[in-house]
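Peer 1: Sequence and predicted model, in that order:
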Amino acid sequence: MDVIRYKIQMMAEEAILNGSPFSWFEKVYAEAAGDPLAVPWANLAPNPLLLEWLQKNHRREEGIRALVIGCGLGDDAEELSRWGFKVTAFDISPSATEWCKQRFKHSTVEYRTVDLFDPPEDWKHSFELVFEAFTLQAMPEPLRRLAMERIAEYPKLYGKLLVVSRGRDLDQEVTGPPWPLIKTELGVFKKCGLKQIEMEDLAEKEDPGIRLIRASYVVVDPRLAEDRKWSKTEEDPD
């Protein structure tokens, strides 16, 4: 493990022990002081799994509302903007969102500092596309389900949700962050009334030893979420 990743794991562990499990995000971006090399997940390029998905599933249309969750340094948000989306992108770290604004001074993307668990009320059921990459895996397990329930509220009727994460098997132990997801964890989105379109188990091109999950959903009927019981039998098999 390199020094930067080890340092970040220590930051995360301390934040969790102190009862503020997301405070380490701001610390990482603030201490980076404008150096993207100090942010190990900052590739300064859009996520390739997002690009593939757009090329396969989206026509270039203007003004479709999109939301980017945990936008980091803004590359995914800017890519969606280039595809014609009207993009709102947020991160819990004020330093991250300010960094985005400095990188893309003439951008049409609306960058905001927002807590995923305390979003603006008018975001509910408001976006045609919601994109989440590598944010859920940065959360300790007890909070991931709550986060997925909140994310499921963002897409509007017939809107789509695209999720990208590292993946793992049930018996695979990990020390995070990141904490790769088990595919069945994403069953929460179905419990919330979203219909699964795809669930892909992929390998990272630059490092085939890293397993990736790309899952997409569509909101077909919000009433599906009402009083629905969720059990092991409703989860997708590994």
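Peer 2: Arrived safely.

Peer 1: So which elements touch the longest strand seen in the chain?
Peer 2: Ordering each strand of the chain by length in residues (DSSP state E) puts strand 155-166 first. In terms of contacts (3 or more Cβ pairs under 8 Å, 6 or more residues apart in numbering; DSSP states H and E), strand 155-166 is packed against helix 48-57, strand 127-133, strand 194-203, strand 211-219. In short, each C-beta sits where N, CA and C put it, glycine included.

Peer 1: contacts for the longest helix seen in the chain?
Peer 2: In the chain, with assignment by DSSP state H, the single longest helix is helix 3-17. Residues from elsewhere that reach helix 3-17, judged by Cβ atoms under 8 Å, 6 or more residues apart in numbering: 1, 21-24, 27-28, 38, 40, 138, 140, 175-177.

Peer 1: same deal with stretch 160-174?
Peer 2: 47, 49-50, 53, 128-134, 136-137, 151-152, 154-155, 178, 180-184, 186, 189, 194, 197, 201, 210-219, 238.

Peer 1: Check those for burial and list the buried ones.
Peer 2: 47, 49-50, 53, 128-134, 136-137, 151-152, 154-155, 178, 180-183, 186, 189, 194, 211-217, 219 (16 or more other Cβ atoms under 10 Å).

Peer 1: Under a three-state scheme, what state does residue 146 occupy?
Peer 2: helix (DSSP: H, G, I helix; E, B strand; the rest coil).

Peer 1: residues in contact with it?
Peer 2: residue 117.

Peer 1: And it, how close does it get to residue 188?
Peer 2: The gap separating residue 146 from residue 188 is 9 Å, by Cβ to Cβ, to the nearest Å.

Peer 1: likewise residue 10?
Peer 2: 29 Å.

Peer 1: Those two: which is more packed in?
Peer 2: residue 188 (20 against 11; other Cβ atoms under 10 Å).

Peer 1: tell me the secondary structure for that one?
Peer 2: Going by three-state DSSP: residue 188 is helix.

Peer 1: Wait, it touches residue 145, no?
Peer 2: Yes: the pair residue 188 / residue 145 is scored as a contact, 5.3 Å apart, by Cβ atoms under 8 Å.

Peer 1: Rounded mean pLDDT for the longest strand of the chain, please.
Peer 2: Across strand 155-166, the average pLDDT comes to 95.

Peer 1: Could you do stretch 94-103 as well?
Peer 2: 97.
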